[in-house]
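Peer 1: requesting a structural model of the entry that follows:
(one chain, ligands or ions: 3)
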Amino acid sequence: MINKKDIKNQMIQAVKTVKQTNPMAGSITNSVTINFVANAQLAVGGSAAMVYLPDEGEFLAKAAGATYINTGTFLPIYEETLLRTAKVIRSLGKPWVLDPVAIGIGSLRNQLLQEFKEYKPNIIRGNASEIIALAGQWGLDGGEKVSNTRGVDSTDSVSAAKDAAVALAKWTGGAVAVSGETDLITDGSIIARSSGGSHFMEKITGAGCSLGGVVAIYATATSPFIAALTATAVYNIAGKRAGDKVDGPASFQIQFLDELYKATADDIANNPFELTEV
Ligand SMILES: Nc1ncnc2c1ncn2[C@@H]1O[C@H](COP(=O)(O)OP(=O)(O)O)[C@@H](O)[C@H]1O
Ligand SMILES: Cc1ncsc1CCOP(=O)(O)O
Ligand SMILES: [Mg+2]
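Peer 2: Ligands and ions are numbered 1, 2, ... in the order given. You can find the predicted model right below:
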């Protein structure tokens, strides 16, 4: 039986722990939004560190409470960096978040995303098209073998990605977060739908990437499902508040970081979400 009150209490605990302990999550992420990812992680109370090289990825995997891997832009060195980092994470049993940005573009990205199937990321975060494409590439229910991703933006609805998200969560034993106007988070048996945010989130680059980085910060302090739900909730409340105050994307980006910083544990747990069983 799902207990919403218990879930809210766990969210509150996760937010407070992060604000009190300033946990570090390491990131290997794309060069487009790397600065925004770090700023968002700091705004919620975490500590950020970004690297590109193999031994530095291994170092952060050991030093950090969780790791964020985002496949948005590739360099040849990533073949070595991503696999060596993932091996260390797995050997230590630490949580990590995969954001399969731009799945379907290029051979190295697709080869590494295939190899990650056996590394079972604790949290997979992506937009609907990326989640459907990853489930398809991994041969799981709800996926499409031919990726509909047009680049980095989604061409599918969040509800169309439900079966793919559930299948991915069952495969990893962790959680999956699908972003969009209403976000869907699942651990394979419970589905949470979190609402809020702003249409301006589609008009800035890095809303999704930075959400993934913030999921990694909360994953240092709580379970994959609560981490994904808490990060999604803070994005929805901060996005709503920022969107109500501004009239364009540039000021939205600035205001959004302020609202991420200002959101309290109660604000975040009280952002609307619905729970159902799979
Ligand atoms: N139309 C929208 N209305 C409200 N929030 C949105 C909307 N589109 C995206 N978001 C929010 O923006 C963040 C990033 O989601 P999304 O744009 O789907 O990711 P990506 O940037 O990876 O494609 C999430 O917090 C999501 O809830
Ligand atoms: C535009 C772009 N190109 C490669 S990665 C990237 C950023 C994608 O960011 P997000 O998925 O958060 O919109
Ligand atoms: Mg994205």
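Peer 1: every contact and neighbour count from this point should use C-alpha atoms.
Peer 2: Fine.
Peer 1: burial check on residue 261, number of neighbours?
Peer 2: Neighbours of residue 261 under the rule other C-alpha atoms under 10 Å: 18.
Peer 1: from what I can see, it looks like it's in a helix, true?
Peer 2: Yes. The assignment for residue 261, made by DSSP: H, G, I helix; E, B strand; the rest coil, places it in a helix.
Peer 1: do I have it right that it meets residue 44?
Peer 2: Yes. Contact status for residue 261 versus residue 44: in contact at 5.4 Å, counting by C-alpha atoms under 8 Å.
Peer 1: who are the neighbours in contact with the residue nearest to residue 180 when sequence neighbours are not counted?
Peer 2: Closest residue to residue 180 apart from its sequence neighbours, by C-alpha to C-alpha, 6 or more residues apart in numbering: residue 158 at 6.0 Å. Shown in contact with residue 158 (C-alpha atoms under 8 Å, 6 or more residues apart in numbering): 127-128, 178-184.
Peer 1: 7 Å - rerun?
Peer 2: Shown in contact with residue 158 (C-alpha atoms under 7 Å, 6 or more residues apart in numbering): 128, 178-180, 183-184.
Peer 1: tell me the pLDDT of it.
Peer 2: With respect to pLDDT, residue 158 scores 96.
Peer 1: contact residues of the stretch 151-278 of the chain facing ligand 1?
Peer 2: Applying C-alpha under 6 Å from any ligand atom, we find that the stretch 151-278 of the chain lies next to ligand 1 at 153-154, 179-183, 196-199, 201-202, 206-209, 232, 235-236.
Peer 1: redo that, cut-off 5 Å
Peer 2: Listed as neighbours of ligand 1 in the stretch 151-278 of the chain under the rule C-alpha under 5 Å from any ligand atom: 153, 179-181, 197-199, 201, 207-208, 235.
Peer 1: any idea how far ligand 1 is from residue 245?
Peer 2: Distance, residue 245 to ligand 1, using C-alpha to the nearest ligand atom, to the nearest Å: 15 Å.
Peer 1: and that residue, how far from residue 200?
Peer 2: Noted for residue 245: a distance of 11 Å to residue 200, by C-alpha to C-alpha, to the nearest Å.
Peer 1: higher neighbour count, the two?
Peer 2: Each of residue 245 and residue 200 has its neighbours counted (other C-alpha under 10 Å); residue 200 has more, 20 against 12.
Peer 1: wait, doesn't that one sit right on residue 247?
Peer 2: No. Look at residue 200 against residue 247 with C-alpha atoms under 7 Å: they stay out of range, at 9.0 Å.
Peer 1: now check the helix or strand where residue 109 lies, is it near ligand 2?
Peer 2: Taking DSSP states H and E as the definition, residue 109 sits inside helix 107-115. No. Judged by C-alpha under 5 Å from any ligand atom, helix 107-115 and ligand 2 are separated, with a smallest distance of 11.8 Å.
Peer 1: ok, residues contacting stretch 136-155?
Peer 2: Contacts with stretch 136-155, where a contact means C-alpha under 7 Å, 6+ apart, come from 101-102, 104, 114, 117, 127-130, 132-135, 163-164, 167.
Peer 1: from those residues, which land in strands?
Peer 2: Cross-referencing those against strands under DSSP state E gives residue 127.
Peer 1: just the buried ones from the contacts of stretch 136-155?
Peer 2: Burial by neighbour count, 16 or more other C-alpha atoms under 10 Å: within those this picks out 101-102, 104, 117, 127-130, 132-135, 163-164, 167.
Peer 1: ligand 1: which of those residues is nearest?
Peer 2: residue 127 (4.5 Å; C-alpha to the nearest ligand atom).
Peer 1: that closest one touches residue 178, doesn't it?
Peer 2: Yes. Using C-alpha under 7 Å, residue 127 is in contact with residue 178, at 5.2 Å.
Peer 1: residue ranges with poor pLDDT in this protein?
Peer 2: Along the chain, segments meeting pLDDT under 70 span 1, 146-148, 150.
Peer 1: looking at it, which helix is longest?
Peer 2: When the chain is scanned for its longest helix (criterion: DSSP state H), the result is helix 224-245.
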